[in-house]
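**Q** no FASTA, just this:
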């Protein structure tokens, strides 16, 4: 049990940084500490982290956060974790990493995913595991290693996620929580056990994967890491969950039909319900949160990046200035339609080979038209995800939105029009780390229910609402079937 005089530290292992968020017993944000988590990338699609460097960043950030709390007279009641989904690394028998930690952004398994999706196996695996067959998924990454590095596959004693590795160094237990496991493509979401057909496709046995535990499982902090962190040995350490599901918890979007929308460089739309399952066409994912709650949704690869690309391509204009120009263009961009797939696309297509396109380009169209069309294309992708959620039996009636892109009035107006519903925009500075801290409080007995998290003290409380413009909403709804049809037609061409 925790009280107002104690804090839980939510530790978020993100793609670019590790963030430690201190939250008190009244669910108030006390402090935030960050450390960079540099990702190494290469032209062959490699995108990896050094697991030992990430662990060192965790130790530094937690020590600083705990020290700051102590200066305020606040005791640390426990640690709880959030992590970017889809990470993977190999360990030898002593627990030493044999590989870097592959990020969700690592695309070297694209050929493997393409092959699995070419027949019925792809859809069968997606429906069983809730994870799209895509290069991001550890299933595809393991199959890639099986094909390309068989000697490593024989040498590796265990395969795990980046959070699993960090947790093992702090507690001496190598486990995978059900939330992160549900995004590997290797776990049967109906039984919450490793899925034999997925293991066969990956080329691995269950004995080389960690024990599965609930996200609320509590372990004890070992003496040596406790000393490094400046915390007492035996302190409770909560296994934690994936960053996407915890983002819903962080913004209070755990009630049925209330979606969490995040919009930064990329984006995602997610809604919580009390049972697993995806749509028949396999357009959405289904990942576990905790306490019997599942998060359905879709991540899109292209959001704020399209405006950044436009600003760079149209003479190096400032993004804010370009968005102001685009705001002067009428909804519909005077007949110009865009498929904004600059980085391939995830939901709802799960197609790393997707390409961007501008359709209907005429002499009178300029950079403002093209920019608006690209942003409208992003809005259409989010609307297609929303429609796919409805097909999966998870309709959306309320949207709680966060992300840097929404500081722009144009972005907020276009997304509201595409979804044809108000956006409740929040300032989610604490992110998934805040959700991890709330999950920690649940595990330690300080929160009665994840489905009824009190919203008022949460720092992500909505601070403004953007209503959809009826004309813009109608034009985008009319154009959506065409955008979907054009994607299919152009896919054959590229």
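**A** Received, thanks. Remember, predicted model here, so these are calculated numbers, not experimental data. Numbers count the residues shown, from 1 in each chain.
**Q** so, low pLDDT: which residues of this protein?
**A** Applying pLDDT under 70 to the chain flags residues 1-4, 429, 452-460.
**Q** and stretch 402-421, what's buried?
**A** 402-403, 405-406, 408, 410-421 (16 or more other CB atoms under 10 Å). C-beta coordinates here come from the backbone N, C-alpha and C atoms, glycine included.
**Q** following the one helix or strand residue 65 maps to, which helix or strand comes up?
**A** Assigned by DSSP states H and E, residue 65 falls within helix 51-71. Of the helices and strands lying after helix 51-71 in sequence (DSSP H and E), the nearest is strand 75-83.
**Q** now the angle from that next one to helix 51-71?
**A** 150 degrees (axes from the mean of the first three to the mean of the last three CA atoms, to 10 degrees).
**Q** follow-up on the earlier one: does anything pack onto the helix holding residue 65? Which helices or strands?
**A** Here helix 51-71 touches strand 6-13, strand 17-24, strand 29-36, strand 75-83, helix 162-171, helix 223-229, going by 3 or more CB pairs under 8 Å, 6 or more residues apart in numbering; DSSP states H and E.
**Q** any idea which of these is most buried?
**A** strand 6-13 (a mean of 29; mean count of other CB atoms under 10 Å).
**Q** how many other residues sit next to residue 461?
**A** Using other CB atoms under 10 Å, residue 461 has 14 neighbouring residues.
**Q** distance of it from residue 94?
**A** Distance of residue 461 to residue 94, computed by CB to CB, to the nearest Å: 47 Å.
**Q** do residue 261 as well
**A** Taking CB to CB, one finds residue 261 at 43 Å from residue 94.
**Q** swap in residue 304?
**A** Counting by CB to CB - residue 304 and residue 94 are separated by 42 Å.
**Q** looking at those two, which is more packed in?
**A** Counted by other CB under 10 Å, residue 304 and residue 94 do not tie: residue 304 has more neighbours, with 21 against 6.
**Q** need phi/psi at that one.
**A** Taking degrees, to the nearest 10, you get phi -60, psi -20 for the backbone angles of residue 304.
**Q** give the contact list for it.
**A** Residues in contact with residue 304, defined by CB atoms under 8 Å, 6 or more residues apart in numbering, are 263, 264, 265, 266, 403, 404, 405, 411.
**Q** may I have the secondary structure class of residue 215?
**A** Three-state call for residue 215 (DSSP: H, G, I helix; E, B strand; the rest coil): coil.
**Q** give me the neighbour count for it.
**A** Residue 215 has 29 nearby residues by other CB under 10 Å.
**Q** right, and it touches residue 181 too?
**A** No. Applying CB atoms under 8 Å as the test, residue 215 and residue 181 come out as separate, 9.8 Å apart.
**Q** list the residues that contact residue 443.
**A** By CB under 8 Å, 6+ apart, the neighbours of residue 443 are 78, 80, 215, 216, 217, 218, 236, 238.
**Q** which residues touch the fourth one?
**A** The contact partners of residue 216, taken as CB under 8 Å, 6+ apart, are 238, 239, 290, 291, 439, 442, 443.
**Q** of those residues - the most surrounded one?
**A** Each of the contacts of residue 216 was scored for neighbours by other CB under 10 Å, and residue 439 scores highest at 34 neighbours.
**Q** what's the closest of the contacts of residue 443 to residue 10?
**A** residue 80 (5.5 Å; CB to CB).
**Q** Three-state assignment for the nearest residue to that closest one once chain neighbours are set aside, please.
**A** Leaving aside its chain neighbours, residue 80 sits nearest to residue 440 (2.8 Å; criterion: CB to CB, 6 or more residues apart in numbering). Following three-state DSSP, the label given to residue 440 is helix.
**Q** right, and residue 130 touches residue 276 too?
**A** Yes. Contact between residue 130 and residue 276 holds when scored by CB under 8 Å: they sit 6.1 Å apart.
**Q** between the two, who's got more neighbours?
**A** Per other CB under 10 Å, whichever of residue 130 and residue 276 has more neighbours is residue 130, with 26 against 19.
**Q** what distance do you get for the more buried one to residue 182?
**A** Distance from residue 130 to residue 182, by CB to CB: 6 Å.
**Q** count of residues packed around residue 58?
**A** Count around residue 58 with other CB under 10 Å applied: 25.
**Q** list the contacts of it.
**A** Residues near residue 58 by CB under 8 Å, 6+ apart: 11, 13, 18, 20, 35, 166.
**Q** which residues are in contact with each of residue 130 and residue 182?
**A** Here residue 130 and residue 182 share the contacting residues 189, 286, 287, scored by CB under 8 Å, 6+ apart.
**Q** mind checking the SS state of the second one?
**A** At residue 286, secondary structure determined by three-state DSSP is strand.
**Q** what's across from it in the sheet?
**A** Counting by DSSP bridges, residue 286 is bridged to residue 296.
**Q** just checking, it touches residue 275?
**A** No. In this structure, residue 286 is not within contact of residue 275 by CB under 8 Å, at 9.2 Å.
**Q** so between the two, which is more surrounded?
**A** residue 286 (24 against 13).
**Q** thinking again about what came up before, let me have the contacts of residue 216 in JSON lines, extended by distance to residue 356 and secondary structure.
**A** JSON lines is the format used below for the contacts of residue 216 (distance: CB to CB, whole Å; DSSP: H, G, I helix; E, B strand; the rest coil):
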{"residue": "238", "distance to residue 356": "41", "secondary structure": "strand"}
{"residue": "239", "distance to residue 356": "39", "secondary structure": "strand"}
{"residue": "290", "distance to residue 356": "37", "secondary structure": "strand"}
{"residue": "291", "distance to residue 356": "40", "secondary structure": "coil"}
{"residue": "439", "distance to residue 356": "37", "secondary structure": "helix"}
{"residue": "442", "distance to residue 356": "42", "secondary structure": "helix"}
{"residue": "443", "distance to residue 356": "43", "secondary structure": "helix"}
